[in-house]
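Peer 1: let's see this in three dimensions:
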Amino acid sequence: MTIRNPIEWSGAQFVSAAHAASSFQRSIEHMQDTAHSPAPTVRRISNADVYRSLRQGFDDFTAYRSDVLFLCATYALVGLVMARLAFGMDLLPLLFPLASGFAIVGPLAAVGLYEMSRMRERGMEVGWANAFDVLKAPAVGGIAALGLLLIALFLVWLGTAWAIFQATMGPTVPTAPMAFVNDVLFTAQGQTMIVVGVGVGFVFALLAMMMSVVSFPLLLDRDAGLDTAIRTSFRAVIANPAPMALWGAIVAAALIAGSALFFVGLVVAVPVLGHATWHLYRKLVAPD
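Peer 2: Model (predicted):
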């Protein structure tokens, strides 16, 4: 390696920026070209298929071992940072909404895991770095746009959760965690907040699942448009209400268990669910 002068360095940065702008433009053009693409056939599945997908996801997780742990440790770190933020800024009422928000943004965080499972399915040698191959996908623009939609949905959920708190237990925020927990569990206002919050949170999580459970894997797997991917995802959930309800319950239970241990359990829960989602997609959508 050599030390370049400021002019050379500036020139290299300009070239990199130009390449990035060109790639962004190609992504936009690809989204326009693939809009209203033919929709794939959605299949009906059973509860057994859900459990089989979960086992296959666990197999992928064990096959990658420390590779996946290295990749997904960041999710646990993010969870710990969010928890510290909530305690440090007197935002205790948002601690649970932040944790449950993994159900909304989790599909975006797991896109790299879908790619790893896709490559393993094809018999290719896979390492953690292959998770970033998503950036080379033709539909990376659609993937990014869908990710922004999920992030926007997550932010709306946080705003809604704060409004529910203000309407039930606010506006004063307890600074002591145990005092807040006591108020939530043993007062009428706190119990109302739990019922309303869980009910509204369920609607947000359901919308996120219907929007993304098939669309992210489909965009990776085929040259499909974003609108087609989202419609296919909704169709797959509507066509399989019982199995997808089971899948939603499994995801919720895994995320709750993973978050309970200071979010460290997400290091296992997120990759297993991510890999399993790819295999669930394979069962929900018929091949070309």
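Peer 1: what's in contact with stretch 148-163?
Peer 2: The contact list for stretch 148-163, computed with C-beta atoms under 8 Å, 6 or more residues apart in numbering, reads 93-94, 96-98, 101, 104-105, 107-108, 197, 200-201, 204, 207-208, 211-212. All C-beta spots, glycine's among them, are computed from the backbone N, C-alpha and C.
Peer 1: now these: which count as buried?
Peer 2: When the contacts of stretch 148-163 are checked for burial by 16 or more other C-beta atoms under 10 Å, the buried set is 93-94, 96-98, 101, 104-105, 107-108, 197, 200-201, 204, 208, 211-212.
Peer 1: quick one, helices of the stretch 51-200 of the chain?
Peer 2: In the stretch 51-200 of the chain, the helices defined using DSSP state H, counting those that start in this stretch lie at 66-88, 95-100, 102-109, 111-121, 140-168, 177-186, 188-212.
Peer 1: where does the prediction get shaky in the stretch 51-200 of the chain?
Peer 2: 65-90, 128-129, 174-175 (pLDDT under 70).
Peer 1: and if we set it to 80?
Peer 2: Scanning the stretch 51-200 of the chain for pLDDT under 80 picks out the ranges 64-92, 94-95, 98-100, 102, 125-139, 170-177.
Peer 1: any idea how far the residue nearest to residue 239 when sequence neighbours are not counted lies from residue 134?
Peer 2: Using C-beta to C-beta, 6 or more residues apart in numbering and skipping residues adjacent in sequence, the residue nearest residue 239 is residue 42, 5.3 Å away. Applying C-beta to C-beta, to the nearest Å, the value for residue 42 to residue 134 is 24 Å.
Peer 1: repeat that for residue 246.
Peer 2: For residue 246 relative to residue 134 (C-beta to C-beta), the value is 28 Å.
Peer 1: more neighbours: which of those two?
Peer 2: Taking neighbours as other C-beta atoms under 10 Å, residue 246 and residue 134 compare with residue 134 leading, 21 against 17.
Peer 1: so the more buried one touches residue 143, yeah?
Peer 2: Yes - judged on C-beta atoms under 8 Å, residue 134 makes contact with residue 143 at a distance of 6.7 Å.
Peer 1: which neighbours do the two have in common?
Peer 2: By C-beta under 8 Å, 6+ apart, the residues touching both residue 134 and residue 143 are 111, 220.
Peer 1: gap between the closest residue to residue 110 other than its chain neighbours and residue 64?
Peer 2: Nearest non-adjacent residue to residue 110, counting by C-beta to C-beta, 6+ apart: residue 274, 3.1 Å away. Residue 274 sits 11 Å away from residue 64, going by C-beta to C-beta.
Peer 1: more crowded one of these two?
Peer 2: Higher neighbour count among residue 274 and residue 64: residue 274, with 29 against 24, using other C-beta under 10 Å.
Peer 1: ok, now which ones touch that one?
Peer 2: So residue 274 contacts 57, 106, 109, 110, 112, 113, 114, 117 (C-beta under 8 Å, 6+ apart).
Peer 1: who wins on neighbours among those?
Peer 2: Result: residue 117 is most packed of the contacts of residue 274 (other C-beta under 10 Å), 30 neighbours.
Peer 1: not counting its neighbours along the chain, what's nearest residue 286?
Peer 2: Looking at residue 286 with C-beta to C-beta, 6+ apart, the closest residue is residue 41, at 4.0 Å.
Peer 1: pretty sure the one you found sits against residue 288.
Peer 2: No - because the distance of 9.7 Å does not satisfy C-beta under 8 Å, residue 41 is recorded as not touching residue 288.
Peer 1: of those two, which one has the most company?
Peer 2: Comparing residue 41 with residue 288 by neighbour count (other C-beta under 10 Å), the higher total belongs to residue 41, at 11 against 7.
Peer 1: can you give me the distance of the more buried one to residue 193?
Peer 2: 44 Å.
Peer 1: now do residue 50
Peer 2: 32 Å.
Peer 1: give the contact list for residue 39.
Peer 2: 228, 231, 232, 235.
Peer 1: let's see it at 7 Å
Peer 2: 228, 231, 232 (C-beta atoms under 7 Å, 6 or more residues apart in numbering).
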